[in-house]
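**Student:** my questions concern the predicted model and sequence given below.
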Amino acid sequence: MKDLTRGKPVKVILLFAIPLYIGQLFSLSYGLIDTRIIGSILGGTSLAAVGSTTALSDLLIEFENGIICGFGIIVAKYYGANDEEKMKKAIGGMAVMGVGFTVIISVVCLLFMNTILRLLNVSGSLHDEAFVYISIIIAGMIALSLYSICTAILRSIGDSFTPLVFLVISNVMNIILDILFVKYMHMGVAGAAIATILTQALSALLCLFYIIKKYPEFSLRFSDLKPDGDMLRELLSSGISMGFMLSFVLLGSLALQTTINQLGANIIVAHTGARKATIMFLIPFFVLGSALATYCSQNRGAKEYGRIKKGVSDTLKISAIWCAVVIILVYSSAPVIIRLITATNEPEVINNASLYLKINSALFFLPAMICILRNSMQGLGDTKTPLISSLIELVGKVLIAFILVPVIRYLGVIVAEPIVWAVMIIPLLIRWKKTDFHQLQSSG
């Protein structure tokens, strides 16, 4: 366990964030290797089929993770307040509702999978492989849910290192199974999907076993699995807000994907490669935001509001430095980056993906501020402002997808995110400026 309410704020946040960052890098590395395995062994059509469903799988996984992370914020709050009774009730509620939401989402999506793929404009040549891949991923989401619940428990009490260990083991096995199933057992895209689900299940089992052995004080009673009305409302408010916040972001990306899927296989591959590179560069903002959600929630429970303001300020400064590094890297090496990710030298792919990276990276300071402020507000218990900001992103991307992209084609996709970033940051800045930390500290 790690108490985030003590010590120098920036040091505490970074020490908590570093394992999260390394874990994200391992996950991204697997994603890049998975893309390369599919592209180099199965070919561009299979890669395009998987890429055409990426926005959908990302949406469902992030919605599920968002809900569970929102539940974890409440666990962190009661850990910071040293209220073990309520913390255990929060953990029990997180476990029951996290699994329940996942089962409902998986069943509904599997029942309507063909309809969903039609809405995504997945073409006939890509449909069969896309259907197989995404169906397996969604059917196995329960494994990811169990892993997310275990890691959320550990992170809410300040342990971000242990989940990293299990993640590294999982990703190494994932790569091995990918090669085995796809290259040697000739299982196609189904092999890649099955490898992903098997390794997520392994991670969940290892993490659960560790918690049972390491933290016997977290042993839940049956009554902890039935949270009272107040706890239920608190969990749902935080979980649903965080889940929808992340899903609104990805619903916008899904809207863009429906138009991208009409622009041809080369553009699909270009966008898949560009998005993977973009996510790699945005990871520091994601992990700092995640760290701040837990940091702010623990300090909120301990009523240490001055530490919250200081921690957020220092984190924004660190993010500004990373933005400068990314701009230099992208403008000097964008084509090389895309070739490494997609394993192709197709000029249409390289040129479009490189242009995407150059335009977006120039404005990365906006998503940096968005990630940090949005997660900090969630940790402070503000479930509305982050949701409003994410809703703006959804509306903006949908409008661009159906108005601008048909006119200027992929260039419309490229400029979509910078435009919505500039608008969605506004409510976050206004709300943060109005937050009176001195008054909160005095009232605490």
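**Tutor:** Good, I have the coordinates. Treat the numbers as computed from the prediction; the structure is a model and nothing was measured.
**Student:** hmm, who's touching stretch 90-109?
**Tutor:** Stretch 90-109 is contacted by residues 60, 63-64, 67-68, 71-72, 74-75, 78, 116, 138-139, 141-142, 144-146, 148-149, 152-153, 218, 220, 224-227, 231-232, 234-236, 239, 243 when judged by CB atoms under 8 Å, 6 or more residues apart in numbering. (C-beta placed from N, C-alpha, C; glycine too.)
**Student:** enumerate every residue touching I22.
**Tutor:** When contacts are counted by CB under 8 Å, 6+ apart, I22 touches L164.
**Student:** that one: helix or strand, and which one exactly?
**Tutor:** helix 9-37 (DSSP states H and E).
**Student:** in that helix, which residues are buried?
**Tutor:** By 16 or more other CB atoms under 10 Å, the buried positions in helix 9-37 come out as 9, 12-17, 19-24, 26-28, 30-32, 34-37.
**Student:** where do the helices sit along the stretch 301-444 of the chain?
**Tutor:** Secondary structure of the stretch 301-444 of the chain, counting by DSSP state H, counting those that start in this stretch: helices at 305-342, 347-361, 365-379, 385-399, 405-408, 410-434, 437-443.
**Student:** and those helices as TSV, adding distance to Q200 and mean neighbour count?
**Tutor:** Output for the helices of the stretch 301-444 of the chain, formatted as TSV (distance: least, CB to CB, whole Å; neighbours: other CB atoms under 10 Å):
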stretch	distance to Q200	mean neighbour count
helix 305-342	23	17
helix 347-361	28	20
helix 365-379	24	24
helix 385-399	26	21
helix 405-408	34	13
helix 410-434	28	18
helix 437-443	39	12
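**Student:** turn the ones you listed into CSV, columns for distance to N266.
**Tutor:** Listed next are the helices of the stretch 301-444 of the chain as CSV, based on distance: least, CB to CB, whole Å:
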stretch, distance to N266
helix 305-342, 10
helix 347-361, 4
helix 365-379, 27
helix 385-399, 22
helix 405-408, 16
helix 410-434, 10
helix 437-443, 51
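**Student:** so for N171, which of the ones you listed sits nearest?
**Tutor:** Nearest to N171, of all the helices of the stretch 301-444 of the chain, is helix 305-342, at 17.0 Å by CB to CB.
**Student:** tell me the angle of the closest one relative to helix 410-434?
**Tutor:** Helix 305-342 and helix 410-434 are oriented at 170 degrees to each other (axes from the mean of the first three to the mean of the last three CA atoms, to 10 degrees).
**Student:** next, the angle from helix 305-342 to helix 365-379.
**Tutor:** Inter-element angle recorded for helix 305-342 and helix 365-379: 130 degrees (by the same axes, to 10 degrees).
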